[in-house]
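what follows is a predicted protein model with its sequence.
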Amino acid sequence: MAKIDTRTITVPASMVDGWQEIVDLVADITECPAALIMRIHEHDIEVFISSKSQGNPYAPHARDSLGHGLYCETVIRERRPLVVPNALNDPNWDKNPDIKLGMICYCGLPVYWPDNSPFGTICILDSKERHFSERTYALLGRFQSAIEGHLQVLYHKAEVQALNEELERKVRERTQSLAELSARLLKEIEQRTAAEGHLEFHRSFDPLTHLPNRATLTERLRGLLPKIRDDEQLTLIYFGLKNFKSVNDSYGYLAGDQMLVSLAQRLSVKLPEDWILSRIAGVEFVLAARHPRGLPHAEQVIDRVLHDCAIPFNVNNNSITVKTHLGVAIFPMDASDSVSLLQRASAAMSICKKEGAMVSFFGTETQKAANERLLLESHLLDALRLNELEVYYQPLMSLRQGSKIIGAEALLRWHSPELGNVGPDRFIPLAESNGQIIEIGNFVLHQALEKASHWFKLTELPFKIAINISPLQFRERHFVEHIEDLLRLYQVPPQSLELEITEGILLQDEHHAKGSLAALRAIGVSISLDDFGTGYSSLSYLQKYSFDTLKIDRSFVSHLEFNEQNRELTRAIIAMAHKLKLAVIAEGVENAFQESFIRDEGCDYAQGFLYGKPVTAEVFHQLLRAQE
């Protein structure tokens, strides 16, 4: 919060009256003609309160400019008490302006605001020489403390007012895009004291959507579950929006917030009294619905969520549709308490994401998978630090050069002392979901490029190191610059690096994908479209983006000797790629028939168990040396 400007704080009339009584009492007790409370301003000092004693020459609210050696100005500037028994006999004070008013004796104390900035002074003055007693000093000190106590009250009121103004300012900013919802939040804040009301609201509700948060949902479920009758059930749906980060990256966080608010509003319309809608975190929501027992009733609840989530969102005149995953758990069949019910619905949603399904019900397999995921995640978090991750290399063969090794694909492997060898299909999706893939992806880039910097010198043929790139890595803001830095660091020619991308990258953000791919190819890095032929829109990608290489998915190659359709599709892919001036790599080549077929069709490169399994860097180095 900004510093309070104490000069703008007004002392109320009731407090002024109290201070007047103080100076009158001080003047009476000390038998001085003048007792004053002075207030400092930017350019002058004011007689803020003046005693009504006889012989007092100081008129209330009289002002004198600073810089003339006034008694009170010195007290304030030097932040200490000042006693002058007789200014006429003191060379430091014999020209003091107060002498003209007949005041030659002075005793004053500084008065401060709570932030240690000066308010002014409390002082007594006399027209004759005086030597004040300790009792007088103690009296002034007590009144000094009383005044500072009053100032503390005024200061804290000003703080509360400033905090309230700051909160209201933030709410006004929010109303530019969320006027209706922000008005409700402002009303809530105005009903409480500024700070306490703000904290109380955020303790129970999500500030963006105004829906109950996880804590409030759990508390309400705890009260609702015992009321469920034998002929009823509670269907709890844990659902999240897929790939929402791309919306924030493409349209901005305000647009993303607007979509979340719109979804909350849709789902809240005509919500039955015993239903609870909650925003758990980020893009994850929960709907708890009490209804009669039976699967048809549960399916109606599920259909309602799916329908509301499927309606396109209008953001900046753009229609945006996002996918959703639903995990379903039912009370009392799947759990007997609110915490377990939430956990099991969340586990069902995780399985839904993993399998690419839209809806998943909790079951024994769901719990088993959730437990396995939790175990894997707990070990994966430390896998890099404990050197459990290692990059293996699978030979890439040139079919036009007599099956020579001309490169390698970098493949990550994890060996855990507790879990054994964990397959990439188990831990890579987990790293994608928890964000650890960024750190792991950088590890692979460093390892692979460091090795490639040595290997491309060992072969007469142009050497290629192929590295798979995660969608999360690719979406990093400075990804292209990072690749350039790594190439310089390890002195690897850009032409020796081939980045393999999948459909998942291209689905995220078309504008970002086009720009990044163009920038990578501009610096000389090759781009390979991985798993070609398995996605929904592979042909459209060839139309939209520029690639250097197509990788025929192993599902086409693995049964070439038995399946005529696979042979025709593989033949067509190779022919099409060459017409588009693209190189072709066949994955999963395992026998001589498969190699002979793709070689006869003009395939450029191949990899698979026929040539070698993924091996450590040391073994791959030996393979390269052996063919020199």
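Looks like it arrived, so ask away.

can you give me the strands in the stretch 351-500 of the chain?
359-361, 389-398, 404-416, 420-422, 464-468, 497-501 (DSSP state E, counting those that start in this stretch).

would you mind giving the ones you listed as CSV with mean pLDDT, distance to residue 293 and mean neighbour count added?
Quick note: C-beta positions are derived from backbone N, CA and C, even for glycine. Conversion of the strands of the stretch 351-500 of the chain to CSV gives the following (pLDDT from 0 to 100; distance: least, Cβ to Cβ, whole Å; neighbours: other Cβ atoms under 10 Å):
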stretch, mean pLDDT, distance to residue 293, mean neighbour count
strand 359-361, 87, 15, 21
strand 389-398, 95, 49, 20
strand 404-416, 93, 44, 21
strand 420-422, 92, 41, 12
strand 464-468, 94, 48, 23
strand 497-501, 93, 48, 24
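
select, out of the ones you listed, the one closest to residue 316.
strand 497-501 (27.5 Å; Cβ to Cβ).

same for the helix or strand that contains residue 291, what does it pack against?
Using DSSP states H and E, residue 291 sits within strand 284-292. With contacts defined as 3 or more Cβ pairs under 8 Å, 6 or more residues apart in numbering; DSSP states H and E, the packing partners of strand 284-292 are helix 214-224, strand 232-241, helix 253-268, strand 276-281, helix 295-310, helix 338-355.

neighbouring strands of the second one in the sheet, and parallel or not?
If I follow you right, that is strand 232-241. strand 284-292 (antiparallel), strand 324-331 (antiparallel) (DSSP bridges).

what of the fourth one?
Strand pairing for strand 276-281, using DSSP bridges, gives strand 284-292 (antiparallel).

rewinding a little: pick out the shakiest of the helices and strands packed on strand 284-292, pLDDT-wise.
Among those, helix 338-355 has the lowest mean pLDDT, at a mean of 85.

quick check: buried residues in that one?
338, 341-354 (16 or more other Cβ atoms under 10 Å).

same question for the strand holding residue 291, mean pLDDT?
93.

and it with helix 295-310, angle?
150 degrees (axes from the mean of the first three to the mean of the last three Cα atoms, to 10 degrees).

sorry, back to before: deepest in the core, which of the helices and strands packed on strand 284-292 is it.
strand 232-241 (a mean of 24; mean count of other Cβ atoms under 10 Å).

chain center to it, what's the gap?
Mean-position distance between strand 232-241 and its chain equals 26 Å (Cα atoms, centre = their mean, to the nearest Å).

now do stretch 262-280
25 Å.

next one: stretch 39-55
54 Å.

and that stretch, what's buried?
So stretch 39-55, judged by 16+ other Cβ under 10 Å, has buried residues 39, 40, 45, 46, 47, 48, 49, 50, 51, 53.

list just the nearest of those residues to residue 603.
residue 40 (88.6 Å).

can you pull the contacts of that closest one?
46, 72, 73, 76, 118, 119, 120 (Cβ atoms under 8 Å, 6 or more residues apart in numbering).

in helices only, show me those.
Residues of the contacts of residue 40 located in helices (DSSP state H): 72, 73, 76.

returning to what we had before: contact partners of the strand holding residue 291?
211, 217, 221, 224, 228, 231-240, 263-264, 267, 272, 274-280, 297-298, 300-301, 305, 342, 345, 349.

repeat that with 7 Å
217, 221, 224, 228, 231-240, 267, 274-280, 297, 301, 305, 342 (Cβ atoms under 7 Å, 6 or more residues apart in numbering).

low-confidence stretches in the protein?
1-2, 177-201, 364-370, 504, 507-510, 533-540, 628 (pLDDT under 70).

how about residue 245: what's its closest non-neighbour residue?
residue 475 (7.1 Å; Cβ to Cβ, 6 or more residues apart in numbering).

hmm, the one you found is touching residue 249, no?
Yes: counting by Cβ atoms under 7 Å, residue 475 does reach residue 249; the two are 6.3 Å apart.

make JSON lines out of the strands paired with strand 232-241 and add mean neighbour count and distance to residue 24.
Shown next, in JSON lines, are the strands paired with strand 232-241 (neighbours: other Cβ atoms under 10 Å; distance: least, Cβ to Cβ, whole Å):
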{"stretch": "strand 284-292", "mean neighbour count": "21", "distance to residue 24": "67"}
{"stretch": "strand 324-331", "mean neighbour count": "24", "distance to residue 24": "74"}
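
how near is the residue sitting nearest the centre point of the chain to residue 242?
With distances taken as Cα atoms, centre = their mean, the chain has residue 282 as the residue nearest its mean C-alpha position (9.3 Å). To residue 242, residue 282 is 12 Å away according to Cβ to Cβ, to the nearest Å.

who does the single longest helix found in the chain touch, helix- and strand-wise?
Assignment by DSSP H gives helix 134-190 as the longest helix of the chain. Here helix 134-190 touches helix 13-30, strand 105-112, strand 118-126, helix 194-204, helix 253-268, going by 3 or more Cβ pairs under 7 Å, 6 or more residues apart in numbering; DSSP states H and E.

quick one, the longest one and helix 134-190 angle?
Right, helix 13-30. 170 degrees.

mind listing what's buried in helix 13-30?
Burial within helix 13-30, assessed by neighbour count using 16+ other Cβ under 10 Å, is assigned to 19, 20, 22, 23, 24, 26, 27, 30.

which secondary structure elements does that helix contact?
strand 34-40, strand 44-50, strand 118-126, helix 134-190.

starting at the chain centroid, how far to stretch 308-321?
For stretch 308-321, the distance to the chain centre is 23 Å (Cα atoms, centre = their mean).

going forward, count from 265.
OK, 265 is where the count begins now, so the last one is stretch 572-585.

which parts of it are buried?
Quick answer for stretch 572-585 (16+ other Cβ under 10 Å): 572, 573, 577, 579, 584.

which of those residues sit farthest apart?
Top of the distance list for those (Cβ to Cβ): 572 and 579, 16.6 Å.

against residue 721, how distant is residue 728?
The spacing between residue 728 and residue 721, counted by Cβ to Cβ, is 14 Å.

no no, residue 841
On the measure of Cβ to Cβ, residue 841 and residue 721 end up 30 Å apart.

for those two, work out which one has more neighbours and name it.
Neighbour totals were compared for residue 841 and residue 721, and residue 841 leads with 23 against 9 (other Cβ atoms under 10 Å).

contacts for the helix or strand containing that one next, please.
Taking DSSP H and E as the criterion, residue 841 maps to helix 828-843. Contact with helix 828-843 is made by 796-797, 814, 816, 820-821, 823-824, 848, 861-862, 865-867, as judged by Cβ under 7 Å, 6+ apart.

what residues does stretch 606-620 touch?
482, 500-504, 550, 589-593, 598-599, 623-626, 630-631, 633-634, 637, 693.
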